[in-house]
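*Asks:* sequence and predicted model, in that order:
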Amino acid sequence: MAPRVFIIRHGETEWSLNGRHTGSTDIPLTANGEKRVKTTGNALVGKDRLIVPSKLEHIYVSPRKRAQRTLELLNLDTKGHLPWEPHGKTETPGIPCSASVEVTEDIREWDYGDYEGITSPEIRRIRKEQGLGEGWDIWRDGCPGGEYPTDIAERLDRLIDDIRDRWHRPAMENRRKDGHPSGPNGDVLIVAHGHILRALALRWTRKELHDGPAFLLEAGGVGTLR
């Protein structure tokens, strides 16, 4: 099996509930958000599940606490090697996992700039008042005072190159004749945010961001790239 990238959006927050764009603002998960992430972890993470901890080589995490807490709640025992102080309690014992954990700015959420903390209808109203028209598409227009599609593509392409060079290429080059790995499995886990993960999927398939995403990823949602 070819190595995979599992993408997980952080769990529910108060702002994700009411549609407010949350980039740099560091807010916690709701109690319900934590509960749902735990349920997702129990269903999808394990030796006979979609995400097999023993096959994970590396974990990339956003610098935002809501993403880091989501990883904590998946109950992976990385031998305590988390590059942050825990944001809450977790169940013990965890599932053994030798993957390294890396916090990277390349997978932080889209910088919404002037649109931080407000909803899409509010953004459209503001743009109309500014003479920019009623329509707004982040994949085409970006965010004044924040990031534009070219900025996002640049940092995501850098991350994709890192994944393929460090983790996937070694796994693909160490295949037995039957196609099974003789070396590292090469699976990677990324825990981050809604817009940036949808953008990652576009760049992974070599599509331009202005093409727009082909899928939704709800709070706590899981996807697979190969």
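*Replies:* Looks like it arrived, so ask away.
*Asks:* how many residues are close by T224?
*Replies:* 12 (other Cβ atoms under 10 Å). Quick note: C-beta positions are derived from backbone N, CA and C, even for glycine.
*Asks:* same check, this time on H87
*Replies:* Other residues lying near H87 total 17 when counted by other Cβ under 10 Å.
*Asks:* check which helices and strands the strand or helix carrying V191 sits against.
*Replies:* In this assignment (DSSP states H and E), V191 forms part of strand 187-192. Here strand 187-192 touches strand 5-9, strand 56-61, helix 65-73, helix 194-204, going by 3 or more Cβ pairs under 8 Å, 6 or more residues apart in numbering; DSSP states H and E.
*Asks:* would you list those in JSON lines and tack on mean pLDDT, mean neighbour count and distance to E218?
*Replies:* Conversion of the helices and strands packed on strand 187-192 to JSON lines gives the following (pLDDT from 0 to 100; neighbours: other Cβ atoms under 10 Å; distance: least, Cβ to Cβ, whole Å):
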{"stretch": "strand 5-9", "mean pLDDT": "98", "mean neighbour count": "24", "distance to E218": "7"}
{"stretch": "strand 56-61", "mean pLDDT": "97", "mean neighbour count": "22", "distance to E218": "19"}
{"stretch": "helix 65-73", "mean pLDDT": "98", "mean neighbour count": "25", "distance to E218": "13"}
{"stretch": "helix 194-204", "mean pLDDT": "97", "mean neighbour count": "22", "distance to E218": "8"}
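*Asks:* which one of these lies closest to G19?
*Replies:* Distance to G19, taken as Cβ to Cβ, is lowest for helix 194-204 among the helices and strands packed on strand 187-192, at 11.1 Å.
*Asks:* what separates that closest one from the chain centre, distance-wise?
*Replies:* Relative to its parent chain, helix 194-204 has a centroid offset of 8 Å by Cα atoms, centre = their mean, to the nearest Å.
*Asks:* what's next to that helix, contact-wise?
*Replies:* By Cβ atoms under 8 Å, 6 or more residues apart in numbering, the residues outside helix 194-204 that reach it are 5, 7, 9, 16, 62, 107-110, 138-139, 152-153, 156-157, 159-160, 190, 192, 208-209, 211, 213-219, 223, 225.
*Asks:* now do it against strand 187-192, angle only.
*Replies:* With axes from the mean of the first three to the mean of the last three Cα atoms, to 10 degrees defining the directions, helix 194-204 sits at 140 degrees from strand 187-192.
*Asks:* out of the helices and strands packed on strand 187-192, which gets nearest to P28?
*Replies:* Closest to P28 of the helices and strands packed on strand 187-192 is helix 65-73 (Cβ to Cβ; 6.4 Å).
*Asks:* give me the residues contacting the closest one.
*Replies:* 8-11, 13, 26-29, 34, 37-38, 41, 59, 61-62, 82, 84, 86-88, 90, 101, 103, 191-193, 220.
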